[in-house]
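Asks: give me a 3D structure for the following:
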Amino acid sequence: MDLLQLKDKNIVVMGVANERSIAWGIAKRLLEVGANVIFTYRKERSKGKIEKVLENYTDYNTAVIECDVNSDESITKAFAQIGEQFGTVHGIVHSVAFAHAEDLKNRFVETTREGYAFAQDTSAYSLVAVANAARPFMTEGSSIVTMSYLGGQRVLDGYNVMGVAKAALEAAMRYLAADLGAEGIRVNAISAGAIRTLAAKGVPSFNTILHKIEEESPLKRNTNQEEVADMTLVMLSALSRGVTGETIFVDSGYNIIG
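Replies: Below is the predicted model of the structure:
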């Protein structure tokens, strides 16, 4: 029996930057279990990168659609296109976050108004806008999974404005779960441990964090793309049908340590 039941399900994956992205790790596993994966990209450059990682997946059912999460018009257009092409959306992986480099390098107290607003808009509000645009197509009991990080709940050196944006993202996830539950839509967050991705390069203290997790986490090691992908598949699947509004940690247990 296929416990995941994701074969032929239509899953939107937002936020693939390259093959090291957490979002790509998830997409790859989804393709392996037979899901149809719809990739969204913000800029033409990103489209090229997605097409490059898909070169070895020509036999799979995929689509690549433009969606700028900073634009309501672009989000609406993207989901209208997805709805037209695929009919139903069974799941969304929201792995989108961005802040200006100077707002990560500076002390948090020095965050600019524009930098704060931009980080919130891209990293937290985008989940709300995407959920609202996707709702009309999520008619068969669907699951939305967003990617968070421990910096949204604790102060982590160098995470700054992004930590505040992740806190807002997790709160938004809970309010969305409360709103959309009656429509059969579940909304959860996965708080992944430190993984070497393009986004992680922007955090100055990243290498220190990796060593700290190896030393202090219960499992005495860092997590990886595959572990996060597997838990995301569980959260997208019928296996987690009774779970909504939760932040699930995939971080070798590091978050429980005082």
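
Asks: ok, residue 152 to residue 70 distance?
Replies: When distances are taken as CB to CB, to the nearest Å, residue 152 and residue 70 turn out to be 20 Å apart. For the C-beta atoms, the positions are set from N, CA and C on the backbone; glycine is no exception.

Asks: of those two, who's got more company?
Replies: Higher neighbour count among residue 152 and residue 70: residue 152, with 23 against 15, using other CB atoms under 10 Å.

Asks: so what's that one closest to, chain neighbours aside?
Replies: residue 166 (2.9 Å; CB to CB, 6 or more residues apart in numbering).

Asks: does the one you found really touch residue 120, like I thought?
Replies: No. Using CB atoms under 8 Å, residue 166 is not in contact with residue 120, being 10.3 Å away.

Asks: neighbour count winner among those two?
Replies: Taking neighbours as other CB under 10 Å, residue 166 and residue 120 compare with residue 166 leading, 27 against 18.

Asks: quick one, grab the pLDDT at that one.
Replies: Looking at residue 166, its pLDDT is 98.

Asks: where does it sit, in terms of helix or strand?
Replies: Using DSSP states H and E, the element containing residue 166 is helix 160-180.

Asks: how far off centre is the helix or strand of the chain with the lowest mean pLDDT?
Replies: Ranked by mean pLDDT, DSSP states H and E, the weakest helix or strand in the chain is helix 206-216, scoring a mean of 88. Its chain's C-alpha centre and that of helix 206-216 lie 22 Å apart, by CA atoms, centre = their mean, to the nearest Å.

Asks: helices and strands around the very next helix or strand once past that helix, which ones?
Replies: Later in the chain than helix 206-216, the nearest helix or strand by DSSP H and E is helix 225-236. Under the contact criterion of 3 or more CB pairs under 8 Å, 6 or more residues apart in numbering; DSSP states H and E, helix 225-236 touches helix 22-32, strand 91-94, strand 142-148, strand 185-192, strand 247-250.

Asks: any chance of a markdown table for these, columns mean neighbour count, distance to residue 210 and mean pLDDT?
Replies: Listed next are these as a markdown table, based on neighbours: other CB atoms under 10 Å; distance: least, CB to CB, whole Å; pLDDT from 0 to 100:
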| stretch | mean neighbour count | distance to residue 210 | mean pLDDT |
| --- | --- | --- | --- |
| helix 22-32 | 23 | 15 | 97 |
| strand 91-94 | 27 | 24 | 98 |
| strand 142-148 | 26 | 18 | 98 |
| strand 185-192 | 25 | 13 | 98 |
| strand 247-250 | 20 | 15 | 98 |
